[in-house]
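Trainee: can't give you the sequence, but here's the structure:
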C-alpha cells in the first residue's frame with residue numbers, strides 16, 4: 001500500500017546507491033522497489049533508474065534521480081535519535097566515513113549531499129527541560145561537531 005505521506009529526496013543520479021547505504025546503515029531501513037524510466041527524460045534515458053522506494057528508520061521515502069538541477073541544503077535533514085555514544089559514533093562515522101562531511105552541532109552531510117542530524121536523546125531531553133539545564137546543554141552542543149554524550153551529561157549535571 002502506498003503511504004499517505006512520503007518524503008521525496010532528489011538525487012542527481014545515485015538514489016539507488018544512497019538507498020542501499022541507508023538500508024545497510026540504519027535499523028528498520030529497507031530498499032522496497034526500484035523503478036526505471038519508461039522513456040527518455042531531461043536528465044536520463046529510458047531504462048535508467050528513475051525512482052527508488054525506501055525507508056529510513058521506518059519513514060517511507062522516495063529517491064528521485066532528477067539530475068543536477070537541484071541540490072540539498074540544511075533546510076531538509078534526517079534526524080536520527082541515538083541512545084548512547086556508541087550509537088552516535090556508529091551513525092556519524094558511517095555517514096562521514098562514506099564520503100560525507102562533518103558540520104556543527106550534531107549535523108553531518110552524506111556523500112550525496114543529504115543532511116543528517118545525529119542527536120543523542122540526552123541532548124533532546126536536556127533541551128526540552130528548559131531553564132539552566134537547557135542553557136548548559138545548548139552551550140556545550142554549540143562547541144561540538146559530533147555530539148559528545150559525556151559532555152552533554154556533564155553540562156546537564158551542572
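Mentor: Thanks, I have the structure now. Everything numeric here is computed off the predicted structure, so don't read it as measured data.
Trainee: which one's the longest helix in this protein?
Mentor: helix 85-97 (DSSP state H).
Trainee: who does the helix or strand just after that helix pair up with?
Mentor: Heading C-terminal from helix 85-97, the first helix or strand you meet, by DSSP states H and E, is strand 101-102. Paired strands of strand 101-102, with direction, are strand 107-109 (antiparallel) (DSSP bridges).
Trainee: what sits up against the strand it pairs with?
Mentor: 72, 74, 77, 92, 95-96, 100-103, 115-118, 145-146 (Cβ atoms under 8 Å, 6 or more residues apart in numbering). For every residue, glycine as well, the C-beta is placed using N, CA and C.
Trainee: Tell me where this structure has strands.
Mentor: 7-11, 30-36, 49-56, 59-65, 77-82, 101-102, 107-109, 115-120 (DSSP state E).
Trainee: buried stuff in the fifth one?
Mentor: Right, the one you point to is strand 77-82. Using 16 or more other Cβ atoms under 10 Å as the burial criterion, the residues of strand 77-82 that qualify are 77, 78, 80, 82.
Trainee: Contacts only, for residue 127.
Mentor: 134, 137, 138.
Trainee: give me that answer again for 10 Å
Mentor: 119, 133, 134, 135, 137, 138, 141, 152 (Cβ atoms under 10 Å, 6 or more residues apart in numbering).
Trainee: and what of residue 48?
Mentor: 13, 36, 37, 40, 41, 65.
Trainee: The fourth one and residue 10: what is the separation?
Mentor: For residue 40, the distance to residue 10 equals 19 Å [Cβ to Cβ, to the nearest Å].
Trainee: Over to the last one?
Mentor: According to Cβ to Cβ, residue 65 and residue 10 sit 8 Å apart.
Trainee: Residue 67 and residue 123, how far apart?
Mentor: 37 Å.
Trainee: Which residue of the two possesses the greater neighbour count?
Mentor: Legend: neighbour count by other Cβ atoms under 10 Å for residue 67 and residue 123, higher for residue 123 (28 against 14).
Trainee: Which residue, neighbours along the chain excluded, lies closest to the more buried one?
Mentor: Among residues not flanking residue 123 along the chain, residue 152 sits closest, at 5.1 Å (Cβ to Cβ, 6 or more residues apart in numbering).
Trainee: Looks like that neighbour contacts residue 141 (just checking).
Mentor: Yes. If you go by Cβ atoms under 10 Å, residue 152 and residue 141 touch, sitting 6.9 Å apart.
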